[in-house]
Every structure is written in structure tokens, then in C-alpha cells.
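*Asks:* fold the following for me, if possible:
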Amino acid sequence: MRTSFPVIAIALLFYISSCKKAEFANFNGFAQGTTYSIVYESRKNTSPDSLKREVEKILRDFDMSLSLYQDSSILSKVNRNEDVKIDSFFEEVFRKSALVSEMTGGAFDITVGPLVRAWGFGPDDRKNFSEQKRDSLLRLIGMDKISLSNGKLSKTDPAINLDFNAIAQGYSVDVVSRYFDGQGIDNYLVEIGGEVRARGTKNGNLWRIGIDKPEDNNIIPGQSLQAIVTMTDKSLATSGNYRKFYVEDGIKYSHTIDPKTGYPARNRLLSATILAGDCATADGIATACMVMGHEKSIQFINSNPQFSAYFVISGDDGNYQTWISENLKEHISEEQ
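*Replies:* This is a model prediction of the structure:
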């Protein structure tokens, strides 16, 4: 889906067990403009090649529903106001998006598409941006301007464009994970573009997920780790503003657009890692946190204990500060 997602690449790190080990297999590839990696407990009746073929078919079908970069996708047709029947992928991610938007007071909003394009972070080239342009586009922003009923999406203005990029990659992890659940595979890790779903264990040990330091020059996944999270039966997503941005006249413009101001979010929160029951929700909440900034995000997490969070914050002295939710402290270790 996302062809150039601002993803936080995640290194998969595993404990070595001294007991008899179950056999694990893995495969990886390219999808949605990024990489994916899957590790799973192998079975006699499954092979990496057959599973990979099925996963890539699922992801192709997914793209044909939700990709902005596929002209024939359902999302592209919706944005062009063509008469198109909504499929189950579109409907579920729409419902999840509406829920995350409501939970975060509008900090997450899929109608932000026109602003994303205008700032040059969508499929189109960046155009000159002005206050007048911002004001004209802000009238198109808001979840109250769209509705979904009987397989049809309605808009209050045909110029409204949807952008699922901030939640769709997490949702793709959920979709692939469901396929593994359906195959009766109880121990696996699915990672797509840095978003992760971990189920069960690897030989009795929790899965270990590395989170990259939010540094502008940290472009290689696993090159420089900020922290390691141990987890099972959870999903994890990280959002940050250090891999997709541009600098103009000495000002850094990040890809995360505040739907209320119309400008790229500017605050001290460098990256937000969220653990949740499903990856789509984790993805959307992580994006919303980048919009809200660290203070409002901490309040949000403290008020919603069903989520765990790890925030990296820019300090006044130029060094990093971190905040860890209480329910995550036993499962995270920070790298020096």
C-alpha cells in the first residue's frame, strides 16, 4: 500500500533456547512499496513457498482495495468519485479509522488526503503551498464529511479525498495474521514495513522487537536501536518524522499532517511506538500521537490502559528523553 511510508524499520531479534527447539521457517519479500518478513513455526503440511504465494496474493488484493498508488484500486476510484462497490477490506479499515479518529479527538483523520498531496507526501508532486491553499483545503477535512452505508461511500463534497496510509499498513499485518491463524499456526511473527503482529512464542521465548533510534541518518533497519520490546499476542506500530521529510529554507517539513491546522505537525515527539490488540489500531494511534505531541499523547495513553506506549522526545539540550507507559516497563529494555 504505502509506497514510501514513513516507517520505523524493526529488527527481529530472537532468544536462543537450550531446550529442544521447534522448527521455524521464514520468508520475506517486497509489497506495498516496502519490505515484509514473516517467521512461523513450520508444519509438515506447509512450505514457505506456498505460504509466500498466498501471502503475496492477499497483499495484491489488499492493494487493489486500498492503495493510493494503484489507479484501479477501490480507494482511487472513490477519490475520483466513480461508482464503485466497497469491499470488506475498505469497509473494515474505514470503520477502524472512524473509531481511532473519535478516540483521538480528530488527531487521526483519513480525509487529510488533499493536504497530504498538497504538501508533496502523496502520489503527486509538491506544489506551491500558501495560506489561501490551506484554507481552501481545510474545508474538505473532517470525518463528519463522509459516511459509509450499504457498500457505498458518501461525501459532502466531491473534492474530498481519503488517505488510509497512516493505518492501512498496520491493517495489512492484521489481514496476513488472520490467514496464519486460519492455517492453525499458533506461533508466528508478521512484519510489514515495520508494523508487527506477534503470536505465541519462539521456542517458549517472547518475541523480541527492536525499535530504531529516531535519527535522520538512521536509514538502515536495525542499524541503531533505541530499545527492544518483548511481546506475545500483541501488535506493535511505530510512527516517526525522521525518514520522510524535506527541508526548505532551513525548515523541516515532516509527512505527518495535522488535520486541524493543515500544516505538518511540529512538536518534540520524535517517535511513538504503540502496542495494541490489533495492528491497524496501533498504527492509527501512533500517527495520532505524532500529531498530538508528547504531553497530550501521555495523557491519552494514561486514560486508555488497553494501549502501551514508548515515546522518544527531543530534549531541550538536544538529547533524547523517553517515556514508557507503566504496562510496558517490564517488557522493554533501552539500548545505550
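
*Asks:* which residues of the stretch 151-300 of the chain fall in helices?
*Replies:* Using DSSP state H, counting those that start in this stretch, the helices of the stretch 151-300 of the chain run over 165-182, 279-292, 294-303.

*Asks:* and the second one, how far from the chain's centre?
*Replies:* In this case it means helix 279-292. 7 Å (Cα atoms, centre = their mean, to the nearest Å).

*Asks:* mean confidence score for that helix?
*Replies:* Mean per-residue pLDDT for helix 279-292: 98.

*Asks:* show me where the stretch 51-200 of the chain dips below the pLDDT cut-off.
*Replies:* For the stretch 51-200 of the chain, the stretches with pLDDT under 70 are 122-128.

*Asks:* 90 instead?
*Replies:* Along the stretch 51-200 of the chain, segments meeting pLDDT under 90 span 113-135.

*Asks:* for the stretch 201-336 of the chain, which spans come out with low pLDDT?
*Replies:* Counting by pLDDT under 90, the stretch 201-336 of the chain contains low-confidence residues at 212-225, 240-257, 262-268, 314-320, 334-336.

*Asks:* how about the strands in it?
*Replies:* Using DSSP state E, counting those that start in this stretch, the strands of the stretch 201-336 of the chain run over residues 207-212, 225-231, 234-240, 245-248, 251-254, 269-276, 308-314, 320-324, 332-334.

*Asks:* where does G105 sit: helix, strand or coil?
*Replies:* With DSSP: H, G, I helix; E, B strand; the rest coil as the basis, G105 sits in coil.

*Asks:* of the strands of the stretch 201-336 of the chain, which is nearest S88?
*Replies:* Closest to S88 of the strands of the stretch 201-336 of the chain, according to Cβ to Cβ: strand 234-240, at 19.4 Å. (Glycine included, C-beta is placed from N, CA and C.)

*Asks:* deepest in the core, which of the helices of the stretch 151-300 of the chain is it.
*Replies:* Of all the helices of the stretch 151-300 of the chain, helix 279-292 has the most neighbours on average by mean count of other Cβ atoms under 10 Å, namely a mean of 29.

*Asks:* in a markdown table, list the strands of the stretch 201-336 of the chain along with mean neighbour count and distance to R43.
*Replies:* Converted to a markdown table, the strands of the stretch 201-336 of the chain look like this (neighbours: other Cβ atoms under 10 Å; distance: least, Cβ to Cβ, whole Å):
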| stretch | mean neighbour count | distance to R43 |
| --- | --- | --- |
| strand 207-212 | 24 | 19 |
| strand 225-231 | 20 | 23 |
| strand 234-240 | 27 | 23 |
| strand 245-248 | 12 | 43 |
| strand 251-254 | 16 | 43 |
| strand 269-276 | 26 | 28 |
| strand 308-314 | 23 | 31 |
| strand 320-324 | 16 | 37 |
| strand 332-334 | 15 | 32 |
